[in-house]
Each structure stands twice: as C-alpha cells, then as structure tokens.
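K.L.:
sequence plus predicted model, see below.
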Amino acid sequence: MTETLSDLLCRHIATARWESLPDHARDGARSVALDAIGVMHAASGLAPEAAPFIALARANGAGPCSIIGTPHRVQPLGAALANGALAHAVDYEDAFDRAPAHPNASLVPVLLALAQSEGPVDGRRFLTALAVGGDVACRIALSLRQPMEQGGWYPPPIVAAFGAVAGAANLLGLSPQQTKDALSLTLCQVTMPGEIKHSRRTTLRAVREAFPAQAALTAALLAREGVPGFEEPLEGKSAFFALYAGRQFDPADLTDRLGTHYWGSELTFKPWPSCRGTHPFIEMALDLSARHGIRQSSIECVEVSVDAIQSMLVEPLARKQAPETAIDAKFSVPFTTALALVRGAVRLDDFDAASLTDPEVLAMAARVQATVEHRPEWQPGVGGAMRIVTDDGESHHAWLENALGCPARPLSPAAQRAKFIDCVGRAAVPVMPEAASRLADAILGLDTLADVGALFQPTE
C-alpha cells in the first residue's frame, strides 16, 4: 500500500531519537524547557484564573505529578489540566511567529505529567519528545492554506494539541500505528471556538491550554491501550484539514526536511508578558520615549498601524482602551502601549486589578488610535508602525519589521535566564534566586539527567 501523509508523519514521530536530533533541535528544546517551566511557576502565583483547574486536579486525588510552582501532587490527567492552565495564563510563553502557534504550551505540561508518572524518564528522552512535538505543531500551523478562523475556530490551542500528542507518543514509545491512533483520538476531543476572542467576560483565553493538554494525554494513553483510530487522521475525507481548513493545506509543509530541520529552533521567546502582537508597539513606545525624552504628560496622541492579524488587539477600540480582565489587557495594543509610556516597562505585575483601573494608564490608553493596513516589509502579526504626537507640535515616528525576541533578534542567554529567575520567584511557592539559578542550570543540562520528573517534585 502507498504510504499516506499520516503514515509518514507518524513513522517520524515514533522513530525519532536523541541520537538523530541535529544540534539546533537539541538547543531549541533546552531553551523551550527553561522558558516554559519558568512561565508556569509565575502563573501559579499570579493567575487566579487557574485556581479552579488546580482545585479540580486536586479533587481527583493525590498522585505522582507536580502542579508546577505549588506543593500539590496529583494524578497525571489532573496535572496536564492544571499545568496546561498555567502554561498560557500570564501570556509569557514562547511563540512561533511564522504561523498561528504556541507549540509548547500544551506539550510541556503533557511531557511533565508523563515524566513523573511513567518514570524514570531521562533528559534525552524528554528533550527528544519536546523537539518532536513542537516541530509537529509548527508544521501543521505552517501547512494551513485556509485560516482556521474562517470556520469560526481559534487555532493556537487546536494546533498545540496535535504537537502535544505527538510528543507524548514519542516519549511513550508508541508504534507508528499507535501514534496515528493517538492523533485520531485527539481529533475526537480538541476544539476551541473563536468566540474566545470576542467575549468580554470570559477568562478562558488565559487558561485555554488546559483543554488540549488533557486531551492529548488522554489520547496518547488510550492509544497505548489499543483504542483504534482512523486511517488518515490528518488528510482524511472528514479529518483534521477538512474540519479546520476546508481541506486547504500544503502537505509539503508537513514533510519538508522532516527529521533534519526542527522548527522549535526558530521560536520567539517573549521579553514582555503579553500577546506577541502587542510587542512591536511596546518596543517602539519604550524606544521613542527613551530616545526623545518624551514626557508622559506631553503626549497628545499615539497613532499605531497594525495589520489584519493584529486588528483583534485594537478592536473594538473602546474595550481595548479599558480592558476589564488581565488577559484582555494582554491582548490590547492601547493598554500595553500605555503601560510602556506611563511606567517605562511592561512587567508581570502590570496586569493586576490595580493596573486595570490605574487612571494614568487608562488616560494614556484612551489617547491611542489605530489604523489597519498592510505593509509587505512587516512580518505578519509581529510588526507595526507608531507615531507619537506631543503638545509642542513634535511628531516622533518608528516602525518595526519584527519585534524583539524573534529568531533574527533573539533574547540573549543572560536575558532568558533572568526571565526564568524572575518568573520562578513569583510562584505560589517562590524559588529564591540562588536555588533558581541552580534549577536553571539543571534544566539547561537536562540531557545529563537520569530522571527529569524528580527535578520538579515539590516538597509538601
């Protein structure tokens, strides 16, 4: 029989090993682990939206798996749910600028749950699964030729689920057929409606990765138990690409350099805890203010130019100028720009209840006006332009092709480490700087560890 697209991808997922990973994939996986673990720690102390997910995980019984940043140990599915809720809650995790994907926000919680319930799992096995799963999520996102939003879907958590189950299948040692079954079982569970972007009341956008993480782990474990799936879970008549993209996809993006190039080496690590699309405007506001000595009180208006992808960050404008929830504020160009201009920084602490009602920040956000346009020199969704007009008639301009943190302008290793130490210090159970530095060293050296799960075991 002719090998199908699903066959080809699943054979790769099932057979990838540390020895076959190129150096860029190994390095990328280490960086992902450091960033993701840090961000989950921060959310455990700063994101009340995740509390119900933690409570539900605990209610289902004690177990071997840690809820990161807390003293709690729970069953694997509960850990995937709770840590998945933490992974995106402060919107500080890595991103893939080329396509709509946060490839590791579901994946890392799943692999941690498996490392602590199926252990001991050594670091090379863990990092291999991390590289494989992240790459699969990126490839699926790149292959789409019809935006998932056209069908009313919200793509990042859906795409992430398939990367998460791919990583789980690799770590568990599933066969190619079992891996295909696992993808099928994920397809039976994963969903995320676009309404998550439009509702003013909900905080689901913050904790969205809880659902794909739990679904992916469930799928992988059921596939191991022999539950049969579909012959073509990706390209079948009514399978992934039919349901989510009207069958409009390019298989070449799934297979190009498969096994030799891993997209996880080309991720963005965020310098600011907000939607990636807000970052060019934060960067330009900070830069213009510093270079021209612009006083906050002298600013009459701020004009920003966004592209079609970023329009969700400025519309409806009145709501984005005065967001009611932390996650809506993180998805607001006016609010994050105002933070940069008023406070001179955008930090984890800047999205609390006091910040959402800060009269200076809100007054500045009200001065931000937006236009939607397309400029070919911008990287879609992560570029932009800004003009600040002051009361003396001066006008200051800036534009960015791509914001800081991208592969072309990456955070330095020192900056990534500083971010990690800051994040873990804000956990529900804070990690002090000296211990945080040791933990960072251990994560960056995961390939030398015999038991990854033991590294994250809390003390009751």
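P.N.:
Structure's in. What do you need?
K.L.:
helices of the stretch 251-400 of the chain, start to end?
P.N.:
Taking DSSP state H, counting those that start in this stretch as the criterion, the stretch 251-400 of the chain carries its helices at 251-255, 279-292, 317-321, 326-330, 333-343, 353-356, 359-365.
K.L.:
not counting its own residues, what contacts the fourth one?
P.N.:
Spelled out, it's helix 326-330. 47, 49, 89, 91, 200, 203, 205-206, 273-275, 278, 319-320, 323, 335-336, 351-352, 355-356 (C-beta atoms under 8 Å, 6 or more residues apart in numbering). C-betas here are computed from N, CA, C, even on glycine.
K.L.:
just the buried residues of these.
P.N.:
Using 16 or more other C-beta atoms under 10 Å as the burial test, these include 47, 49, 89, 91, 203, 205-206, 273-275, 278, 320, 323, 335-336, 351, 355-356 as buried.
K.L.:
where does pLDDT dip in the chain?
P.N.:
Low-confidence segments of the chain, defined by pLDDT under 70, are located at 1, 459-460.
K.L.:
show me it divided up by domain.
P.N.:
Split into domains by automatic domain parsing, the chain comes to 5-271+426-455, 276-400.
K.L.:
need the winner for burial among those domains.
P.N.:
Of all the domains of the chain, domain 5-271+426-455 carries the top mean neighbour count, a mean of 22, counting by mean count of other C-beta atoms under 10 Å.
K.L.:
grab the longest helix from the protein for me.
P.N.:
Secondary structure of the chain per DSSP state H: the longest helix is helix 23-46.
K.L.:
which parts of the stretch 351-460 of the chain are strands?
P.N.:
In the stretch 351-460 of the chain, the strands defined using DSSP state E, counting those that start in this stretch lie at 368-372, 384-390, 395-400.
K.L.:
those: which one's closest to residue 214?
P.N.:
The closest of the strands of the stretch 351-460 of the chain to residue 214 is strand 384-390. By C-beta to C-beta, the value is 35.4 Å.
K.L.:
CA atoms of that closest one as PDB?
P.N.:
Extracted in PDB, the C-alpha atoms of strand 384-390 (Å, rounded to 0.1, in the frame of the first residue of the first chain):
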ATOM      1  CA  GLY A 384       4.000  47.700  13.000                       C
ATOM      2  CA  ALA A 385       4.400  51.400  13.000                       C
ATOM      3  CA  MET A 386       3.800  54.200  15.600                       C
ATOM      4  CA  ARG A 387       3.700  58.000  15.700                       C
ATOM      5  CA  ILE A 388       3.700  59.900  19.000                       C
ATOM      6  CA  VAL A 389       2.500  63.500  18.800                       C
ATOM      7  CA  THR A 390       3.300  65.800  21.700                       C
END
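K.L.:
just want the angle from it to strand 368-372.
P.N.:
Relative orientation of strand 384-390 versus strand 368-372 (axes from the mean of the first three to the mean of the last three C-alpha atoms, to 10 degrees): 150 degrees.
K.L.:
name the residues that touch strand 384-390?
P.N.:
Applying C-beta under 8 Å, 6+ apart, the external contacts of strand 384-390 come out as 280-281, 284-285, 288-289, 294, 298-307, 310, 337, 375, 378, 395-400.
K.L.:
got the domains of the chain as CSV, with distance to residue 420 columns?
P.N.:
Listed next are the domains of the chain as CSV, based on distance: least, C-beta to C-beta, whole Å:
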stretch, distance to residue 420
domain 5-271+426-455, 4
domain 276-400, 13
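K.L.:
and those: which comes nearest residue 418?
P.N.:
domain 5-271+426-455 (9.8 Å).
K.L.:
give me the most central residue, this protein.
P.N.:
residue 102 (3.6 Å; C-alpha atoms, centre = their mean).
K.L.:
how near is residue 361 to residue 337?
P.N.:
10 Å (C-beta to C-beta, to the nearest Å).
K.L.:
quick one, what contacts residue 14?
P.N.:
Per C-beta under 8 Å, 6+ apart, neighbours of residue 14: 169-170, 173-176, 178-179.
K.L.:
leaving out chain neighbours, which residue sits closest to residue 83?
P.N.:
Nearest-residue entry for residue 83: residue 109, 3.6 Å, with adjacent residues in sequence omitted and distances by C-beta to C-beta, 6 or more residues apart in numbering.
K.L.:
next one: residue 310
P.N.:
Closest to residue 310 by C-beta to C-beta, 6+ apart is residue 277, at 4.4 Å.
K.L.:
residue 418: neighbour count?
P.N.:
As a burial measure, residue 418 scores 13 neighbours (other C-beta atoms under 10 Å).
K.L.:
how close does residue 391 get to residue 410?
P.N.:
Taking C-beta to C-beta, one finds residue 391 at 38 Å from residue 410.
K.L.:
confirm for me that residue 429 is in contact with residue 68.
P.N.:
No: taking contacts as C-beta atoms under 8 Å, residue 429 lies outside contact range of residue 68: 9.8 Å.
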